[in-house]
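Peer 1: sequence unknown, structure follows:
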Ligand SMILES: Nc1nc2c(c(=O)[nH]1)N[C@H]1C(S)=C(S)[C@@H](COP(=O)(O)O)O[C@H]1N2
Ligand SMILES: [Mo]
């Protein structure tokens, strides 16, 4: 027992500090020179000790694979251990990725609810948190620029003038999955937890824009909010993103004032935010004060350079590319997560049927299938996939795995979107700020 623990810590540390040497140790010296051999002999014993049990499907384990039991979390926070969030009303199970500005993600196993409650909903700020509004209904937003009738409306007026709608919709940070890129990409090292799915109530943005009357020249939106830049400089924007008119006119885009039936909490942009589903969360502007209609693509904070932009033709990982080869990231890619059992679960000896639960979503598209594997992807079986409640809702899924014996297993989930695109094994289309990292999800379980 003691020996096992020592070796466990040793190999985990080694994978953290010197993955190439750990690889060589576990997979044999050939791994280090790129001709990876089979996992066997001393390597298999070391790997088994490291993960805490025998590995029944070792034969189909891809050479060089770092076991999920040892590879969880992003390189940076893992070094000092995940920092639990301490925020009023929020679960301590959330992981802090940054405290100035406050950024916290939700571990996959906390996304097990159909509707993500406030306490488990991730937080992503770029600037200083504004003070809570004195009067929610008195909060004003302006609509101006390429419109026939510029508007200034209080929240109270928005509520009485337009017909509110409630939809269950995914909000996902553009950088979700960033930590899966190799080499490491710049930005908050999200695993899969920069996402949540809530019931959002608000008035359709399209109705507000129609009331202002778009001029034929209106091509793009620009969003502004009340949060100051981190430096406190009032001339700088903490964030100012926008979208093309067809996206802005979709019926599900809302000017939101309630989340899960409650007034929108300040930390999530209350009293008023945008909720633009399917595209990077940064379009869902919090503490919304102003929407400007522009005659061209917006160039505010978060619209240029490597921000929310991905290469058109693939670039060399870790390298640089021409600005002309970058385009704005629009729809988010397909992703699935296993929400139960949690990663690292220890299950009773003799258990042969493991019920699984999870979620899947695909930006503007729907999910056509979710498959699961417990033998490192050698065989896959289809999960039961529920329909979304409305467009942009996530799709919950369930499955049962049959295990041949006790031991160490990895549950892998892989979703395919309605256009036939599946989650890859490794993050593809590397880009400097790590957008679109949607690798299949892996959860380690130990039976017995
Ligand atoms: N005003 C403002 N809106 C903002 C942000 C911000 O920093 N300021 N962050 C954006 C980003 S990057 C994301 S992912 C979502 C996160 O929303 P949440 O904190 O409610 O989860 O808000 C978006 N809206
Ligand atoms: Mo984000």
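Peer 2: Thanks, I have it. Since this is a predicted model, take the numbers as computed values, not measurements. Ligands and ions are numbered 1, 2, ... in the order given.

Peer 1: Kindly report the domain assignment for the chain.
Peer 2: As recorded under automatic domain parsing, the domains making up the chain are 1-49, 123-328, 335-447.

Peer 1: JSON lines for those, including mean pLDDT and mean neighbour count?
Peer 2: The C-beta positions use only the backbone N, C-alpha and C, and glycine is treated the same way. Rendered in JSON lines, the data for the domains of the chain read as follows (pLDDT from 0 to 100; neighbours: other CB atoms under 10 Å):
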{"stretch": "domain 1-49", "mean pLDDT": "56", "mean neighbour count": "15"}
{"stretch": "domain 123-328", "mean pLDDT": "97", "mean neighbour count": "19"}
{"stretch": "domain 335-447", "mean pLDDT": "97", "mean neighbour count": "19"}
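
Peer 1: In contact with the closest residue to ligand 2 within the stretch 51-200 of the chain, which residues?
Peer 2: Ligand 2 sits closest to residue 173 of the stretch 51-200 of the chain, with a gap of 3.3 Å, by CB to the ion. Residue 173 sits next to 122, 124, 188, 190, 194, 195, 280, 281, 282 when contact means CB atoms under 8 Å, 6 or more residues apart in numbering.

Peer 1: same thing with residue 384?
Peer 2: Residues touching residue 384, when contacts are defined by CB under 8 Å, 6+ apart, comprise 397, 398, 399.

Peer 1: for the second one, phi and psi?
Peer 2: As for residue 398, its main-chain torsions (degrees, to the nearest 10) stand at phi -140, psi 150.

Peer 1: related to what we said a few turns ago, from the contacts of residue 384, which is closest to residue 432?
Peer 2: residue 397 (33.1 Å; CB to CB).

Peer 1: what's across from that closest one in the sheet?
Peer 2: Partner residues in beta bridges with residue 397: residue 358, residue 385, with DSSP bridges as the criterion.

Peer 1: Check the gap between it and residue 53 for me.
Peer 2: Residue 397 is 27 Å from residue 53, where distance means CB to CB, to the nearest Å.

Peer 1: For residue 150, see how far away the closest residue to residue 193 other than its chain neighbours is.
Peer 2: Leaving aside its sequence neighbours, residue 193 sits nearest to residue 105 (CB to CB, 6 or more residues apart in numbering; 3.4 Å). Shown here: residue 105 relative to residue 150, a distance of 38 Å by CB to CB.

Peer 1: Likewise for residue 376?
Peer 2: As it turns out, when the distance is counted by CB to CB, residue 376 lies 59 Å from residue 150.

Peer 1: And residue 264, by the same measure?
Peer 2: Following CB to CB, the distance that separates residue 264 from residue 150 is 25 Å.

Peer 1: how about the residues of the stretch 101-250 of the chain near ligand 1?
Peer 2: Contact residues, the stretch 101-250 of the chain versus ligand 1 (CB under 6 Å from any ligand atom): 121-127, 171, 173, 225, 227, 238-239.
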